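J.: Pasting a predicted model and its sequence here:
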Amino acid sequence: MKFFNLLVLCVFSFATANAQSKIQNLEKAFNILLADDQARHAITSLCVLDANTGKTLFAKNEQIGLATASTLKTITAATAFSILGKDFQYQTTLAYTGSITGGTLNGNLIIIGSGDPTLGSWRYQNKENNVLTQWVSAIKSAGITKIEGAIIGDDRIFGTQTTAEGWVWQDIGNYYGAGTSGLAWRENQFDIHLKPGTGTAEEVKIIKSVPQTPYIQIVNELKTGASGTGDRAYAFLPPYSNIAYLRGSWGMGIGKSGISVALPDPAYDCAYRLQDTLKRLGVSVSQEPTTSRLMSLKKLPIPSVTQKISTITSPPLSEIAYWFLKKSINLYGESLLKTMALKSGKPATTAKGAETEINFWADKGIDKSALNIIDGSGLSPGDRITTSAMAAVLFQVQKETWFPDFYKALPEYNGMKIKSGTINDVSAFAGYHTDASGNKYIVVININNYSGSGINKKLFKVLDELK
């Protein structure tokens, strides 16, 4: 028995010494990073916790608020799981106003949005064609063969401000800068197919937009880039505008077909697609598609619903969060933030959603001043969160019943379950790691204002000391 106890003590002492050695090596590697030329004018922060106890194993600059980029999504997802629940689902309703006589609807079809960012997305069952097919079927079942009225996209639930304050003009207009909508549609984006010239003196040609968007004028200012320069094209298309400027370059020999652009008015496009589908099936609509926002601008009343004819339910939050974290879909973060505000009895705005999120974690003991949150996705360079606060959130969520869904959704980088974050001169990672001996860590590393490229390899070299 004494021998067994001695053996256990020796194993424990070896494991402790090994863990201490790892942390010492981690500190050395971090100091090497700090001394690197790329970090000369940067602020670099690292916080490593024991995932079992929450004890800080190593921390440097952990109380300095830094731009988070997409690592903020870990906090948004965790808050959404807590406030909305992993089984939360959105519902989009198709209804009509007025009355039906002899197959003619003397009124309007109205698509009532609930803020669902997945409606018409190719990632789920409710793909664009499936949604349109369900709506057409419901319209036929209601006995409607002609519409003396309009198709209205009702996007009122989220108000009229689609993009978060602090977003960069270069991002807005591109797919990753797509703003929210009370009636989101196809992840609020469409594609523009491009063809570079055979030389840098030749223009880039627009082949087509997918789907076709005849109501948007595309002004092509793209230049053909040299071979190997790839995609440096940006769309400048403000919310609710109908003119898109394409600027930058599109490289010769590029392997991509084109760029994805943010829909300026998703609710309008949704109504437009339904009307276009009905037209091709022989169901005429006397008026142009519109939205509740456009009607309000014209001081027209939104007609009351007579009958609901179809309800489309989104995937549960657990599935939405999976793609939110795996593919870093900014739209999902902004939609969830507004939904959390609404669920908490506040107006569905970005600011109120951020306030809800900050207060939620403050009630759990995290310093409010360490959580300067502006949006839900981290796209804003104005977000400022300490690595200590982010690590504290990641520690607390481990005890929640929904944690397995949260953990599953985290991507894998460098052999670790960590969320990445990248915006201009910002690179960050946040998540979990279990080493070869079974020791579990929470890691948050962030560098702001670095220079050059390839910084992630150097961040990984620091984190490798935990393997």
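T.: Cool, got the structure.
J.: Tell me if A19 really is in a helix.
T.: Yes: per DSSP: H, G, I helix; E, B strand; the rest coil, A19 lies within a helix segment.
J.: and K308, what are its bridge partners?
T.: K308 forms beta bridges with A95, as assigned by DSSP bridges.
J.: measure it to L410 for me?
T.: 38 Å (Cβ to Cβ, to the nearest Å). To be clear about C-beta, it is placed using only N, CA and C from the backbone, and glycine gets the same treatment.
J.: Quick check: A370 touching T386?
T.: Yes: applying Cβ atoms under 8 Å, one finds A370 in contact with T386, separated by 4.4 Å.
J.: of these two, who's got more company?
T.: For A370 versus T386, neighbours defined as other Cβ atoms under 10 Å are more numerous around T386 (26 against 21).
J.: Now for A370 and T386: what residues contact both?
T.: Shared contacts of A370 and T386 (Cβ atoms under 8 Å, 6 or more residues apart in numbering): 63, 65.
J.: Got the phi and psi for the residue nearest to the spatial centre of the chain?
T.: What sits nearest the mean C-alpha location of the chain, by Cα atoms, centre = their mean, is N330, with 2.0 Å. When quoted as degrees, to the nearest 10, the phi and psi of N330 stand at phi -60, psi -40.
J.: Count the residues that sit near the closest residue to it other than its chain neighbours.
T.: Nearest-residue entry for N330: S377, 3.8 Å, with adjacent residues in sequence omitted and distances by Cβ to Cβ, 6 or more residues apart in numbering. With neighbours defined by other Cβ under 10 Å, the count for S377 comes to 29.
J.: where does S377 fall, helix, sheet strand or coil?
T.: coil.
J.: can you tell me how far it sits from D87?
T.: When distance is defined by Cβ to Cβ, S377 is 23 Å away from D87.
J.: swap in V283?
T.: V283 is 36 Å from D87, by Cβ to Cβ.
J.: and if you look at V210?
T.: V210 is 34 Å from D87, by Cβ to Cβ.
J.: Report the contact partners of the nearest residue to G98 once chain neighbours are set aside.
T.: Nearest non-adjacent residue to G98, counting by Cβ to Cβ, 6+ apart: G107, 1.9 Å away. With contact set as Cβ under 8 Å, 6+ apart, G107 has these partners: 96-99, 147-149, 303, 306.
J.: Just the buried ones from these?
T.: By neighbour count, with 16 or more other Cβ atoms under 10 Å, the contacts of G107 hold 96-98, 147, 149, 303, 306 as buried.
J.: Least confident of those?
T.: On pLDDT alone, P303 ranks lowest of the buried ones among the contacts of G107, at 94.
J.: What residues does it make contact with?
T.: Contacts of P303 (Cβ under 8 Å, 6+ apart): 97-98, 107-108, 110.
J.: Nearest to T422 among the residues you listed?
T.: Closest approach between these and T422, by Cβ to Cβ: I110, at 40.1 Å.
J.: Which parts of the stretch 51-200 of the chain are helices?
T.: For the stretch 51-200 of the chain, applying DSSP state H, counting those that start in this stretch gives helices covering 72-84, 128-141.
J.: what sits up against the last one?
T.: The contact list for helix 128-141 (Cβ under 8 Å, 6+ apart) reads 94, 109, 111, 119-120, 122, 185-186, 273-274, 277-278, 281, 283, 309-310, 312.
J.: In strands only, show me those residues.
T.: 94, 109, 111, 309-310, 312 (DSSP state E).
J.: I'd like those residues laid out as TSV, including pLDDT and neighbour count.
T.: Output for these, formatted as TSV (pLDDT from 0 to 100; neighbours: other Cβ atoms under 10 Å):
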residue	pLDDT	neighbour count
L94	98	21
L109	98	29
I111	98	27
I309	98	19
S310	98	18
I312	98	22
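J.: which of those sit farthest apart?
T.: Maximum distance among the ones in strands among the contacts of helix 128-141 (Cβ to Cβ): 14.2 Å, for L109 and I312.
J.: Point out where the stretch 251-400 of the chain drops to low pLDDT.
T.: Counting by pLDDT under 70, the stretch 251-400 of the chain contains no low-confidence range.
J.: if you count what's nearby, which of V283 and D87 comes out ahead?
T.: Taking neighbours as other Cβ under 10 Å, V283 and D87 compare with V283 leading, 19 against 9.
J.: Spatially, which residue comes closest to the more buried one, not counting chain neighbours?
T.: Spatial nearest neighbour of V283, excluding adjacent residues (Cβ to Cβ, 6+ apart): T145 at 6.1 Å.
J.: and that neighbour, how many neighbours does it have?
T.: T145 has 17 nearby residues by other Cβ under 10 Å.
J.: cool, T104 as well?
T.: 18.
J.: Write down the beta-bridge partners of it, one by one.
T.: T101, K146.
J.: got a pLDDT number for it?
T.: At T104, pLDDT is 98.
J.: And it, how close does it get to T145?
T.: Distance from T104 to T145, by Cβ to Cβ: 7 Å.
J.: Check K55 too.
T.: From K55 to T145 the distance is 70 Å (Cβ to Cβ).
J.: cool, G431 as well?
T.: For G431, the distance to T145 - Cβ to Cβ - is 55 Å.
J.: Also L194?
T.: Distance from L194 to T145, by Cβ to Cβ: 41 Å.
J.: Over to D87?
T.: 39 Å.
J.: cool, and D464?
T.: Distance from D464 to T145, by Cβ to Cβ: 66 Å.
J.: can you check L183 too?
T.: 25 Å.
J.: Give the buried residues for stretch 382-402.
T.: 383-397, 402.
J.: so how many other residues sit close to G345?
T.: G345 is flanked by 8 other residues according to other Cβ under 10 Å.
J.: How about residues contacting stretch 35-43?
T.: Counting by Cβ under 8 Å, 6+ apart, 33, 61, 64, 66, 425, 447-452, 455, 458 sit against stretch 35-43.
J.: Fine by me, thanks again.
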